[in-house]
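Trainee: Provide a 3D model corresponding to the input given below.
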Amino acid sequence: MRACIPNSLAGLFLASAVAAGHAQTSASLPPAAAVQGPSVLEQKIESISAALVATQQQLEQSQHQIQELQQELRQLREQVAAGSAVPAHPATAEASIPFPQPSIATSSSAPPAATASTEERIETLEAALKLHDQTKVESNSKYPVRLTGLILFNGFLNKGLADNIDLPAVALHQTSTSGNGSLGATLRQTILGVEGNGPHFLGARTSADVNFDFFSGISYTSYGTSAGVVRMRTAGINFDWSNDSLQVGMEAPLISPLSPTSFATVAEPSLAGAGNLWAWAPQLRYAHRFTLQDENHLQFEFGLWDSPAAGYNSNQLFRSASPAELAEQPAYETRISYGSPDQRGLEIGASGYYSRQAYPGYQGYNGTENLDSWAGTSDWKLPLSHRFEVSGEGYRGRSIGGLGGGVYKDAVTGTSPISGAPALSGLNAIGGWSQIKTRFGQSTETNLSIGMDDGFASDFHTVVPLATATVAQLRARNKMVVGDLIYRPRTYIILSPEYRRIWTWPITGAPATLDIFTLSFGYEF
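Mentor: Numbers count the residues shown, from 1 in each chain. Predicted structure coming up:
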């Protein structure tokens, strides 16, 4: 009996404490909170449950990738131990490695090269396994984000006078105060990028990317000759279905999808202004793919583009409207192409472009001068064998200076030879480029390319140039020849010497020439 008394007292004490605590909690909550408490808790529980489901899916995906990588690693180690070559069709584990794959050829004819490639793949797979073991840093959206880039060093020697010693586009005639050569180096063509994969939306896989370099200008400092200003190159938000895709962003023109291979000209594509149309500008692009036999495809693309115009923005602080933007309508572009699923396979395409340009009050006109800007282009990539590939583009257009045609001129200006009144005429242009690529094993390739852009002389002769006309306004033709060697001693390490020669013709007189020798070192990540 005495033993039960303490137990009873202890039970009463605990019951009183719980009741008091409950009463105090209930008294401290306002009536609204007491009513909404269960609803708030349910929302929190649902939110935590959703987060746990997403985390579990990511863990399962990572575990699956780890298992694939481990299996591939075991196979490669067995092959190395047996002294066998790398299989012609490796397992799909390469696709799961969370960083970009090298654009180099696959060769199994030489056992030493195959062994070196196997060892390198083993190193890559081991690095990937270590990466999976690390703690991931994710965005606020809980979807994976990846950092990419190219740290690029360019040392150069220019023999002649260039418009921009870091990355010459045209050759200039020597003057008494200009000198006739330059030597220097730069890292302004370094690229930094961010890529992210998002949720499914309306049945589409979503993703986004943005890339920056340091080629916007020169820093205003005493050492500004080598320090560049950050510039957005490209950006995009992508929606991908099985046969359709939609993209909004800042991208290259739809009508010019290819560029020659070069690590000396990255801030602007190789042969820009000499047959290679390009410009990064805002656009909306839609594509539909028809799958044919053997997984080949026929693709139709259509885009709306905010067409830039060369040399129109005289204000350094605020953006002025280009002639195309003054027309109050976008530029229209379309492309039809045929290709194979292999990135190194056959690809051919034909494209069209149209834009309206407006020049209000030009040189005292009472109204607005309007020009039709248009272009027809073709592009091709023809693999001749596993070692040789021919690629290129060609175009014929009018008022396409914003794309680099007409040596970056949309129109020629001056006075009418008949009336003497101010005159403006759209400049017709024709041009293109071609490249021959040769691959030597898995780590070495050479590229030889030539390109030319030619403005019609007849258009220049329709007007009498003003006495104040600049050298750029009188520039009529630009031609380049480029040869480079690209060597990758390891997958992400690049060594590339390059030679380039530029000829630039004015409408009258002899051409200016420029020889450029560049040595590039790069590290991709």
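Trainee: let me see the mean pLDDT of the helix or strand where Gly349 lies.
Mentor: Assessed by DSSP states H and E, Gly349 sits inside strand 347-360. Throughout strand 347-360, pLDDT has a mean value of 94.
Trainee: after that strand comes which helix or strand?
Mentor: strand 368-383.
Trainee: give the buried residues for that next one.
Mentor: Of all the residues in strand 368-383, those buried under the rule 16 or more other C-beta atoms under 10 Å are 369, 371, 373-375, 377, 379-381, 383. C-beta here means a position set from N, CA and C on the backbone, and glycine is covered the same way.
Trainee: tell me the angle it makes with strand 347-360.
Mentor: 170 degrees (axes from the mean of the first three to the mean of the last three C-alpha atoms, to 10 degrees).
Trainee: so which elements touch strand 368-383?
Mentor: Of the remaining helices and strands, those touching strand 368-383 by 3 or more C-beta pairs under 8 Å, 6 or more residues apart in numbering; DSSP states H and E are strand 347-360, strand 388-398, strand 422-426.
Trainee: redo that, cut-off 10 Å
Mentor: Under the contact definition 3 or more C-beta pairs under 10 Å, 6 or more residues apart in numbering; DSSP states H and E, strand 368-383 sits against helix 323-326, strand 331-339, strand 347-360, strand 388-398, strand 411-415, strand 422-426, strand 428-440.
Trainee: deepest of these, which one?
Mentor: Neighbour counts (mean count of other C-beta atoms under 10 Å) averaged over each of those peak at helix 323-326, with a mean of 22.
Trainee: of all the buried residues of strand 368-383, which two lie farthest apart?
Mentor: Greatest spacing in the buried residues of strand 368-383, by C-beta to C-beta: Glu369 and Pro383 (46.7 Å).
Trainee: report the mean per-residue pLDDT for stretch 371-383.
Mentor: If you average the pLDDT over stretch 371-383, you get 96.
Trainee: low pLDDT regions in the stretch 251-400 of the chain?
Mentor: Across the stretch 251-400 of the chain, the ranges flagged by pLDDT under 70 are 311-317, 362-366.
Trainee: flag every buried residue along stretch 272-282.
Mentor: 272-281.
Trainee: from those, pick the one nearest Thr148.
Mentor: Trp280 (17.2 Å).
Trainee: can you list the strands that the helix or strand containing Gln299 pairs with?
Mentor: Element membership for Gln299 (DSSP H and E) is strand 297-305. Note on strand 297-305: by DSSP bridges, its sheet partners are strand 281-291 (antiparallel), strand 331-339 (antiparallel).
Trainee: pLDDT at Arg501, what is it?
Mentor: 98.
Trainee: got any ranges where the stretch 51-200 of the chain has weak pLDDT?
Mentor: 51-61, 64, 80-139.
Trainee: that one: strands as residue ranges?
Mentor: 145-159, 161-162, 171-172, 181-186, 191-201 (DSSP state E, counting those that start in this stretch).
Trainee: buried residues in the first one?
Mentor: When you say that, I think you mean strand 145-159. 145, 149-150, 152-154, 156, 158.
Trainee: and the angle from it to strand 181-186?
Mentor: Using the same axes, to 10 degrees: strand 145-159 against strand 181-186 is 160 degrees.
Trainee: contacts only, for Arg289.
Mentor: By C-beta atoms under 10 Å, 6 or more residues apart in numbering, the residues touching Arg289 are 241-245, 297-301, 337, 339.
Trainee: filter the residues you listed down to the buried ones.
Mentor: In these, burial by neighbour count holds for 245, 299, 301, 337, 339, counting by 16+ other C-beta under 10 Å.
Trainee: quick check: the nearest residue to the last one once chain neighbours are set aside vs Thr234, distance?
Mentor: When you say that, I think you mean Gly339. Excluding its sequence neighbours, the residue lying closest to Gly339 (C-beta to C-beta, 6 or more residues apart in numbering) is Glu347, at 3.9 Å. According to C-beta to C-beta, to the nearest Å, Glu347 and Thr234 sit 20 Å apart.
Trainee: for Arg475, same thing?
Mentor: 28 Å.
Trainee: ok, those two, which is more surrounded?
Mentor: Arg475 (22 against 16; other C-beta atoms under 10 Å).
Trainee: contacting residues for the residue nearest to that one when sequence neighbours are not counted?
Mentor: Nearest in space to Arg475, with sequence neighbours left out and distances taken as C-beta to C-beta, 6+ apart, is Val407 at 4.6 Å. Applying C-beta under 10 Å, 6+ apart to Val407 gives the contacts 169-170, 273-274, 310, 401, 427, 429, 431, 453-455, 472-478, 504-506.
Trainee: quick check: phi and psi on Val407?
Mentor: Backbone torsions of Val407, given as degrees, to the nearest 10, read phi 50, psi 50.
Trainee: tell me how many other residues surround Ser62.
Mentor: 16.
Trainee: ah, wrong one, I meant Ala287
Mentor: Ala287: 18 neighbours (other C-beta under 10 Å).
Trainee: how near is it to Leu246?
Mentor: 8 Å.
Trainee: could you do Glu295 as well?
Mentor: Glu295 is 23 Å from Leu246, by C-beta to C-beta.
Trainee: what about the two, which has more around it?
Mentor: Leu246 (15 against 10).
Trainee: I figured the more buried one hits Ser207, correct?
Mentor: No. With contacts counted by C-beta atoms under 10 Å, Leu246 stays clear of Ser207, the gap being 11.6 Å.
Trainee: which residues are in contact with each of these two?
Mentor: 237-240.
Trainee: closest one of those residues to Val482?
Mentor: Asn238 (31.4 Å).
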